[in-house]
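>>> Just a sequence and a predicted model for now, questions to come.
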Amino acid sequence: MDQNNGLSELGMAMAVLDEAGVETLVQKKLDKKIPPEQIVSELSAGITEVGERFRREEYFLSELIYSGEIFKNTMAKLQPLCKVSVDAKDKAVVVMGTVQGDIHDLGKNIVITLLECAGFSVVDIGVDAPAQRFVEAVVDSKASLVGMSMLLTTVFDAARDTVAAITQANLRDKVKIMIGGSVTNEDVRRDIGADYWGRDAAAAVDIAREVYP
Amino acid sequence: MNAKQRIAAVVALQKPDRVPVAPLLDHYAATYSGYTNAEIMMEGDKRIDAVIKTATELGPWDMTFLADTANAVLLQMGVPMPIKLPGRDLPVNVTHQFHETEFLTPDDYSLLERKGMLRFMMDVMGRLKPEWKGLPGFIHLTKTFWEYRRHVKMVNSRGMEVAVGFVIPGVLYEYFSFGRGITAMSADTFKRKDVIISAGKVWAKGMANLAIFASRFCGVPRVFIGMARSSADFISRRNFETLCLPDLEYIINRLVEAGITPILHCDTNWTKFFDLFLRFPAHKCILELDGRSDIFKAKEILGEHMCIMGDVPATLLAMGTRDEVLAYCRRLIETVGKGGGFILSSGCSLPNNAKVENVRALYEAVQEWGWYS
């Protein structure tokens, strides 16, 4: 393995967002019959480095999102070749959705990219998500963390209803709830009855790491 | 001083008689006046009635927006993505919402270069609303300008200034960030730098020309420039300096040369880029912040360079008490407003569900603590 700051050549290509380089190196490795699982491991090391650079404020959301796209596109090619599939239920799972009445998906998607880059498995229930959809996703995925995104002050009631629905489903002691979005703050968190408020997308990763130490 | 003199004084960083107040009004006008959101988005007469009622009864404010961001025609012109509208796609009293998709394609950069800004925008509008393709789109645009001019006169006749005579959706990077979607635009940031730069110049030139024309036609010497997705939240300083700043500087300089005050409407967090704004003409611009940027840091860095406007947060207006709003306004007035160069406003739009007493508190705050003499 060619070492470069602890990363393989492929890992470094991933870390510096060299999309063409990633594609070429992956193909070369596949041609050499290198196990796909090893290739995924090198890519994962690269994407972890992207997350670290974001944390150090060397990278910004555009770098993060672009790296996520390179990673996803490459994984789409590798996943069918892997003997051991990556099952969301075996991993640390986070349910993410934008609450009912709000169709903004940008903030939610940024958080999802960041969580996935940090190695979490995310169940994306989309935008305008009713309370029951959050409940069903928690039950199905056995997630210990739910993220509710919102960009409108008018959906606080729906967020409160979602927390109530999770409680009524007897899940409240099994799941932590975080909220985020430009209209949220600690006061809103308390009012809604959530456990965490994420000031920005990076904070969501810190919260997930706290919930899944 | 009257409202016009007061605004002119703060832009020039002189001390007016008191801090002017100018909340960013759009959908809240419907809430306060009793119209539905659908009505004010689609019907100009109801929109201006709602604006005047809100701005006079909860003030009178020195300056008001004409609910530009609740005007369905202007929204569709300025934002190249499908919009869900109240009364059509959503309940009548819900705020409009954008549907983020990859609506514009990579080929649209070169199409813009070939067609020029105005023809390109009309082409995009035709794609979003086929019934506006070609001549009907120009007719809609023309009607909107005439209606806007009439509304400006109605507001001016009541002693208030209109905030902006035209809304620039931003530099090309901003416009395409909405049209391409943030995921595709993030990739373009690294894969299509050259075409963003070359098409950006065409966009900036055309947009400056249109804004100057519209501002003069409507009789409002201020132009709004949208800034959201090129902030330090989204892109690196180097990419901002390469892909956005030259076009932004060009547009601002053109407006200032034409005697127009640019209002830099900064959504998201711009704090890390504040120092770059020192290159814009001094005492000629308004920096409008939405509550995400550090307005107090803005005063430190830019307080002697440009007027600052903001930033009572939407959440405080919707959930806080009147006393909490008054306390925050007082802090803004006494720190950011120290020595002049400050306009008290909401952080971005007044939220739909803002409490009436909280909105009224902005005017009460400038009356209580905003006098300079």
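Received, thanks. Residues are numbered from 1 along each chain as shown, chains lettered A, B, ... in the order given.
>>> tell me which parts of chain A are close to chain B?
A:17, A:19, A:59-66, A:69, A:101-106, A:109-110, A:152-154, A:156, A:182-185, A:187-188, A:191, A:200 (C-beta under 8 Å from any C-beta of the partner chain). The C-beta positions use only the backbone N, C-alpha and C, and glycine is treated the same way.
>>> Give me the mean pLDDT for the strand or helix carrying residue B:195.
Residue B:195 is part of helix B:193-218, with elements assigned from DSSP states H and E. Averaged across helix B:193-218, the pLDDT comes to 97.
>>> Can you give me the buried ones in that helix?
Across helix B:193-218, burial judged by 16 or more other C-beta atoms under 10 Å in any protein chain shown covers B:195-197, B:199-200, B:202-208, B:210-212, B:214-215, B:218.
>>> Please apply the same query to stretch B:274-282.
B:274, B:276, B:277, B:280.
>>> residues making contact with that stretch?
For stretch B:274-282, the external contacting residues (C-beta atoms under 8 Å, 6 or more residues apart in numbering or on different chains) are B:237, B:240-241, B:245, B:249, B:252-253, B:256, B:262, B:264, B:285, B:287, B:293, B:297-298, B:301-302, B:305-306.
>>> Narrow those to those that are buried.
Using 16+ other C-beta under 10 Å, the buried ones in the contacts of stretch B:274-282 are B:240, B:245, B:249, B:252-253, B:256, B:262, B:264, B:285, B:287, B:293, B:298, B:302, B:305-306.
>>> Looking at those, which is nearest chain A?
residue B:240 (9.4 Å; C-beta to the nearest C-beta).
>>> Tell me if I am right that the closest one is in a helix.
Yes - assessed with DSSP: H, G, I helix; E, B strand; the rest coil, residue B:240 lies in a helix.
>>> ok, it to residue B:270 distance?
10 Å (C-beta to C-beta, to the nearest Å).
>>> between these two, what contacts are shared?
Each of B:231, B:232 lies in contact with both residue B:240 and residue B:270 under the rule C-beta under 8 Å, 6+ apart.
>>> What is the neighbour count of residue 18?
Using chain A here. 18 (other C-beta atoms under 10 Å in any protein chain shown).
>>> that's the wrong chain, I meant chain B
For residue B:18, using other C-beta under 10 Å, the count is 19.
>>> do the same with the one 3 residues further on
As a burial measure, residue B:21 scores 28 neighbours (other C-beta under 10 Å).
>>> what bridges to it?
The partner list for residue B:21 in beta bridges (DSSP bridges) reads residue B:344.
>>> where does it land on pLDDT?
98.
>>> List the residues that contact it.
Counted by C-beta under 8 Å, 6+ apart, residue B:21 has contacts B:59, B:61, B:62, B:63, B:343, B:344, B:345, B:362, B:363, B:365, B:366, B:370.
>>> Tell me how far it lies from residue B:64.
Relative to residue B:64, residue B:21 is positioned 10 Å away (C-beta to C-beta).
>>> Which residue ranges of chain A form strands?
Applying DSSP state E to chain A gives strands spanning A:93-98, A:121-124, A:145-149, A:176-180, A:196-198.
>>> tell me what the third one is packed against?
Yep, that's strand A:145-149 we're talking about. Applying 3 or more C-beta pairs under 8 Å, 6 or more residues apart in numbering or on different chains; DSSP states H and E, one finds that strand A:145-149 contacts strand A:93-98, helix A:106-117, helix A:131-141, helix A:156-168, strand A:176-180, helix A:201-211.
>>> Run me through the strand neighbours of the worst-scoring helix or strand of chain B on mean pLDDT, direction for each.
The helix or strand of chain B with the lowest confidence, counting by mean pLDDT, DSSP states H and E, is strand B:97-98 at a mean of 84. Note on strand B:97-98: by DSSP bridges, its sheet partners are strand B:83-84 (antiparallel).
>>> Distance from the chain centre to the strand it pairs with, please.
19 Å (C-alpha atoms, centre = their mean, to the nearest Å).
>>> got the contact list for that strand?
Taking C-beta under 8 Å, 6+ apart as the rule, strand B:83-84 contacts A:103, B:72, B:75, B:76, B:90, B:96, B:97, B:98, B:99.
>>> same thing with stretch B:106-118?
For stretch B:106-118, the surrounding residues in contact (C-beta under 8 Å, 6+ apart) are B:120, B:123-124, B:172, B:176, B:179, B:188, B:192, B:195-196, B:198-199, B:202-203, B:205-207, B:209-210.
>>> Now find how far off-centre the least confident helix or strand of chain B is within its chain.
16 Å.
>>> ok, whatever residue of the stretch 51-200 of chain B ends up closest to chain A - contacts?
In the stretch 51-200 of chain B, the residue that lies nearest chain A is residue B:186 (3.8 Å; C-beta to the nearest C-beta). By C-beta under 8 Å, 6+ apart, the residues touching residue B:186 are A:61, A:62, A:63, A:64, A:65, A:66, A:69.
>>> And the pLDDT for the fourth one?
If you check residue A:64, the pLDDT there is 86.
>>> Identify the residues contacting it.
A:50, A:51, A:54, A:110, A:113, A:114, A:117, B:186 are the contacts of residue A:64 under C-beta under 8 Å, 6+ apart.
>>> Could you find the lowest-pLDDT member of the residues you listed?
Lowest confidence among the contacts of residue A:64: residue A:117, with 72.
>>> can you pull the contacts of residue A:19?
So residue A:19 contacts A:70, B:191 (C-beta under 8 Å, 6+ apart).
>>> Let me fix that, I meant to ask about residue B:314.
With C-beta under 8 Å, 6+ apart, residue B:314 has these contacts: A:153, A:183, B:291, B:346, B:347, B:348, B:349, B:350, B:351, B:354.
>>> Mind doing that once more with 7 Å?
A:153, A:183, B:346, B:347, B:348, B:351 (C-beta atoms under 7 Å, 6 or more residues apart in numbering or on different chains).
>>> burial of the last one, as a residue count?
Burial of residue B:351, expressed as a neighbour count using other C-beta under 10 Å, amounts to 27.
>>> quick revisit: could the strands of chain A be laid out in JSON lines, adding distance to residue A:166 and mean neighbour count?
Below are the strands of chain A laid out as JSON lines (distance: least, C-beta to C-beta, whole Å; neighbours: other C-beta atoms under 10 Å in any protein chain shown):
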{"stretch": "strand A:93-98", "distance to residue A:166": "10", "mean neighbour count": "27"}
{"stretch": "strand A:121-124", "distance to residue A:166": "14", "mean neighbour count": "19"}
{"stretch": "strand A:145-149", "distance to residue A:166": "7", "mean neighbour count": "28"}
{"stretch": "strand A:176-180", "distance to residue A:166": "7", "mean neighbour count": "25"}
{"stretch": "strand A:196-198", "distance to residue A:166": "14", "mean neighbour count": "21"}
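>>> For residue A:204, which of these is the nearest?
strand A:196-198 (4.4 Å; C-beta to C-beta).
>>> thinking again about what came up before, with respect to residue A:148, which of the contacts of residue B:21 is nearest?
residue B:345 (28.8 Å).
>>> Quick check: that closest one touching residue B:25?
No - counting by C-beta atoms under 7 Å, residue B:345 stays clear of residue B:25, with 9.8 Å between them.
>>> what's the offset of the lowest-mean-pLDDT helix or strand in chain A from the middle of its chain?
Across the helices and strands of chain A, mean pLDDT, DSSP H and E gives its lowest value to helix A:106-117, namely a mean of 81. Its chain's C-alpha centre and that of helix A:106-117 lie 5 Å apart, by C-alpha atoms, centre = their mean.
>>> Sort out which one of the buried ones among the contacts of stretch B:274-282 lies nearest residue A:92 for me.
residue B:293 (33.5 Å).
>>> Please give me every residue in contact with the residue with the largest distance to the centre of chain A.
Using C-alpha atoms, centre = their mean, the residue of chain A lying farthest from its centre is residue A:32. It sits 31.8 Å away. Counting by C-beta under 7 Å, 6+ apart, residue A:32 touches no other residue.
>>> any idea of the pLDDT on it?
Per the predicted model, pLDDT is 94 at residue A:32.
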